[in-house]
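Peer 1: What follows is a protein structure lacking sequence information:
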Ligand code: GLN
């Protein structure tokens, strides 16, 4: 059996899955900041569980796909037989929040930084085309304060790590935030119905507003 680093930490027992009564939200535990996502989801009132097996998908009301390396996550998802079950659940309308590499996984198409098509397994749930590592070598990682549509209060402090941006999107996609670059403003948060994508890592700050937005969206989806 393939072991995943930190697996024992992630085992979800009845006492560690957050508040009962909230929606059950899985964090895809193949790579990335799984514990940080669990923490912010729980703080927003969700029952949050780490998932990595197909059988664990059925009970989920929503899913977070963390950042990392989208090719690696895609390969691991294929290895675990998760790609088609995930695509199926997303087609059926399961809400999902993809962050950084997770946003790439949600996209219908990915491009390399130079614009060449990136051949890699994707879930293809969102009508977005993402450009990987889009911000270039000099500013590969940076932080920025973003005005995010739907969030009240202070701008959201966002940590970008070899981040993609959303290069194109279909008409059913709402742009929630952009960041200024020398090439103009680029889309870094988008929503399409129950699907949310951020180009940065919202789990790396203590600001849980984007996770709370997602938990609200999952709650609404679960009650219709
Ligand atoms: N550069 C990564 C990719 O293209 C994404 C980086 C991240 O998730 N922090 O998959």
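Peer 2: Good, I have the coordinates. All figures in this text were calculated on a predicted structure; none of them were measured in a lab.
Peer 1: which is the next helix or strand following the helix or strand residue 105 falls within?
Peer 2: Using DSSP states H and E, residue 105 falls within helix 101-106. Next along the chain after helix 101-106, taking DSSP H and E as the criterion, comes strand 107-111.
Peer 1: and that next one, does that touch the ligand?
Peer 2: No - figure legend: strand 107-111 not in contact with the ligand (C-beta under 6 Å from any ligand atom); closest approach 7.6 Å. All C-beta spots, glycine's among them, are computed from the backbone N, C-alpha and C.
Peer 1: looking only at pLDDT, what's the mean for that strand?
Peer 2: Strand 107-111 shows a mean pLDDT of 98.
Peer 1: Remind me what that strand packs against, helices and strands.
Peer 2: If you count contacts as 3 or more C-beta pairs under 8 Å, 6 or more residues apart in numbering; DSSP states H and E, strand 107-111 packs onto strand 126-131.
Peer 1: Given the strand it packs on, what are its sheet partners and their directions?
Peer 2: Sheet partners assigned to strand 126-131 using DSSP bridges are listed as strand 107-111 (parallel), strand 165-169 (antiparallel).
Peer 1: Give me the three-state assignment for the residue nearest the centre of the chain.
Peer 2: Among the residues of the chain, the one closest to the centroid is residue 98, at 1.5 Å (C-alpha atoms, centre = their mean). Under DSSP: H, G, I helix; E, B strand; the rest coil, residue 98 falls in the strand class.
Peer 1: so what's it scoring on pLDDT?
Peer 2: We have a pLDDT of 98 for residue 98.
Peer 1: ok, and what's touching the helix or strand hosting residue 177?
Peer 2: Using DSSP H and E, residue 177 sits in strand 174-181. When contacts are defined by C-beta atoms under 8 Å, 6 or more residues apart in numbering, strand 174-181 is touched by residues 135, 144, 146-150, 156, 158, 160, 165-166, 169, 185-192, 199.
Peer 1: out of those, which are buried?
Peer 2: 135, 144, 146, 148, 156, 158, 160, 165-166, 169, 186-192, 199 (16 or more other C-beta atoms under 10 Å).
Peer 1: what sits against the closest residue to the residue nearest to the centre of the chain other than its chain neighbours?
Peer 2: In space, and not counting its chain neighbours, residue 98 is closest to residue 106: 4.0 Å by C-beta to C-beta, 6 or more residues apart in numbering. Residue 106 sits next to 65, 90, 96, 98, 122-126, 128, 195, 197 when contact means C-beta under 8 Å, 6+ apart.
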